[in-house]
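>>> Sequence unavailable; structure follows:
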Ligand code: PGA
């Protein structure tokens with residue numbers, strides 16, 4: 001089990017001895033720094049009914065067994081399904097919100113606050129998803145306000161970042177992510193970083209079927225970790241979980257999860273199919289764990 005080994009290694013990194021049969025047995029960065037893998041689903045505006053949502057959630061929960069890797073699993077679901085989804089999954093996974101309002105109360109018709117979410121037991125919320133940025137015009141400042149409110153409330157935030165196709169083609173992925181990270185995390189204290197996860201989601205890979213190669217994703221993840229080290233310190237950078245999102249499927253997850261700086265996945269389309277998402281939760285890293 002990944003975490004079991006990760007925990008041992010975290011306690012005694014120096015005790016890790018390279019395998020005599022080559023680097024296929026080398027510990028990944030995830031293991032060395034005890035970052036527990038995190039597989040999450042983003043249901044967006046799906047499914048269409050409560051019955052479908054509950055059937056899907058139950059199917060996903062049933063794929064988490066004692067033989068599954070030791071991963072955190074979360075589903076980010078439409079507000080109206082949160083409570084019923086929570087009660088249908090036997091505590092096997094977290095159920096989070098796809099976004100929050102940075103204000104706590106007042107004249108914000110249609111908005112949902114962190115205090116409302118916390119009062120029904122929600123621990124996780126997304127912020128900064130590219131669809132919120134593009135379709136709803138959410139700016140880095142607004143996303144930062146959401147992140148701060150989620151953290152203030154004692155909840156955890158998954159901050160989504162990622163470059164457009166044009167930016168990718170101009171080799172700007174690293175610099176776009178640096179800006180989004182710095183602006184999104186502004187004002188979040190070092191001691192609260194254990195309640196922050198980052199999801200790198202290149203916009204050109206979301207819902208397009210064009211998954212980033214493991215090498216492309218690894219390269220950006222490593223850059224993001226360096227930015228976190230710059231903003232905070234190396235220990236913080238080594239501890240924070242950076243997930244990849246964008247057309248993750250059962251076919252692509254194993255190679256992605258074998259990369260040293262890829263600590264999990266944020267999955268849209270494939271999280272709407274219990275057997276596909278179940279396979280993603282039960283990923284098989286090429287690095288024996
Ligand atoms: P996708 O969506 O897996 O369908 O590409 C990912 C996301 O938007 O989080």
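On my side now, so go ahead. In this text the structure is predicted, and so the values were computed from the model without any measurement. Residues are numbered from 1 along each chain as shown.

>>> Wait, residue 113 touches residue 99, no?
No: the pair residue 113 and residue 99 fails to qualify as a contact (C-beta atoms under 8 Å) at a distance of 11.3 Å. Just so you know, the C-beta spots here come from the backbone N, C-alpha and C atoms, and that holds for glycine as well.

>>> Smallest distance to the ligand belongs to which residue of the chain?
Closest residue of the chain to the ligand, C-beta to the nearest ligand atom: residue 268 (2.2 Å).

>>> how near is the closest residue to that residue other than its chain neighbours to residue 106?
Of all residues beyond its chain neighbours, the one nearest residue 268 is residue 42 (5.0 Å), with distances taken as C-beta to C-beta, 6 or more residues apart in numbering. The span separating residue 42 from residue 106 equals 28 Å under the rule C-beta to C-beta, to the nearest Å.

>>> Neighbour count for those two, which is higher?
Here residue 42 and residue 106 are compared on neighbour count by other C-beta atoms under 10 Å; more neighbours surround residue 42, at 26 against 8.

>>> residue contacts, that one?
Contacts for residue 42 were tallied using C-beta atoms under 8 Å, 6 or more residues apart in numbering; they are 76, 98, 126, 129, 245, 266-268, 271.

>>> Report the buried members of those.
Neighbour-count burial (16 or more other C-beta atoms under 10 Å) is assigned, among the contacts of residue 42, to 76, 98, 126, 129, 245, 266-268, 271.

>>> pLDDT weak spots in the protein?
Across the chain, residues meeting the criterion (pLDDT under 70) sit at 1-33, 287-289.

>>> Show the residue spans covered by the helices in it.
Per DSSP state H, the chain has helices spanning 2-11, 29-32, 50-62, 82-88, 114-119, 130-135, 140-152, 165-169, 173-184, 214-231, 234-239, 250-257, 274-281. These are given in chain order.

>>> related to what we said a few turns ago, which residues touch the residue of the chain closest to the ligand?
Contacts were defined as C-beta under 8 Å, 6+ apart; by that measure residue 268 touches 41-42, 44, 206-207, 245.

>>> What's the end-to-end length of stretch 111-123?
Using C-alpha to C-alpha, to the nearest Å, the end-to-end distance of stretch 111-123 comes out at 18 Å.

>>> returning to that earlier point: please narrow the buried ones among the contacts of residue 42 to those residing in strands.
76, 126, 245, 266-267 (DSSP state E).

>>> residue contacts, residue 150?
100, 114, 125, 127, 156-157.

>>> If we use 6 Å, what do you get?
Going by C-beta atoms under 6 Å, 6 or more residues apart in numbering, residue 150 touches 114, 125, 157.

>>> Skipping adjacent residues, who's closest to residue 198 in space?
Counting by C-beta to C-beta, 6+ apart, residue 198 lies nearest to residue 242, which is 4.6 Å off, once chain neighbours are set aside.

>>> State the number of residues packed around residue 222.
Taking other C-beta under 10 Å as the criterion, the count of residues near residue 222 is 18.

>>> buried ones in stretch 166-182?
Under the neighbour-count criterion of 16+ other C-beta under 10 Å, stretch 166-182 has 167-168, 173-174, 176-178, 180-181 buried.

>>> typo on my end, stretch 96-115
Neighbour-count burial for stretch 96-115 flags 96-102, 112-114 (criterion: 16+ other C-beta under 10 Å).

>>> Sweet, I'm off.
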